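the sequence and its predicted three-dimensional model are supplied below.
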Amino acid sequence: KAGVTQTPRYLIKTRGQQVTLSCSPISGHRSVSWYQQTPGQGLQFLFEYFSETQRNKGNFPGRFSGRQFSNSRSEMNVSTLELGDSALYLCASRDPNSPLHFGNGTRLTVT
Amino acid sequence: DQQVKQNSPSLSVQEGRISILNCDYTNSMFDYFLWYKKYPAEGPTFLISISSIKDKNEDGRFTVFLNKSAKHLSLHIVPSQPGDSAVYFCAASDPGGGADGLTFGKGTHLIIQP
């Protein structure tokens, strides 16, 4: 089976812009989660989607949003980018009662 | 407020010896714990997990120990190999599959010396 695929791998954006990141989960996995990794804060939970519904949400401002499509693919959007949004954004998918399988992430740099 | 803490940012171990990575948690509701390994430019890879009803789980060279009274878990790697050099993250979830997602520590960079 192919692993979790995230596109693009790298992005450079300017403050105030918005960005959309994409994630294709492992085939058959219906749960998709997003995490932000920064040097200072480590990995922090953004949100989880299951069957096109947001099931859980972390402690992030409303500028961070996501959605999931009927084929379980997911997108994450960040609006009005700030310098502090520079991070590695990781997508993960799983079966019920199985551990998360992560993609290789999208490295976002905000200048 | 950091609920999962890995107090050693880095650890250097000689090849062939035992590597012991430690993790402490504060939330007594956590009932499932995992270790992930991360190489540069890759996503974290699941290594091993343990439920709070157990105090030990073993998988090949990797063993995780859980001390609930001390709210402490550790990952033992024996023997350590050069390919084990990576960042190791400890993670925890609460009952119900982690309503707030997994809570991760900030990681320990393990360096295996030849």
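Received, thanks.

can you tell me which helix or strand of chain B has the lowest average pLDDT?
strand B:103-104 (a mean of 92; mean pLDDT, DSSP states H and E).

what's the next secondary structure element after that strand?
Toward the C-terminal end, the helix or strand that comes next after strand B:103-104 (DSSP states H and E) is strand B:108-113.

B:Thr26 contacts B:Ala92, doesn't it?
No: with contact defined as Cβ atoms under 8 Å, B:Thr26 does not reach B:Ala92; the gap is 9.9 Å. The way it works is simple: take the backbone N, C-alpha and C, and place the C-beta from them, glycine included.

quick one: which of those two has more around it?
In this comparison of B:Thr26 against B:Ala92, neighbours counted by other Cβ atoms under 10 Å in any protein chain shown, the higher total goes to B:Ala92 at 24 against 13.

what is residue 57 paired to in the beta sheet?
Looking at chain A here, since you left the chain open. Using DSSP bridges, the beta-bridge partners of A:Lys57 come out as A:Phe47.

wait, chain B
B:Val64.

not counting sequence-adjacent ones, nearest residue to the residue nearest the centre of chain A?
Within chain A, one residue has its C-alpha closest to the average C-alpha position: by Cα atoms, centre = their mean, that is A:Trp34, at 3.5 Å. With Cβ to Cβ, 6 or more residues apart in numbering or on different chains as the measure, A:Leu46 is the residue that lies nearest to A:Trp34, at 4.1 Å, once sequence neighbours are left out.
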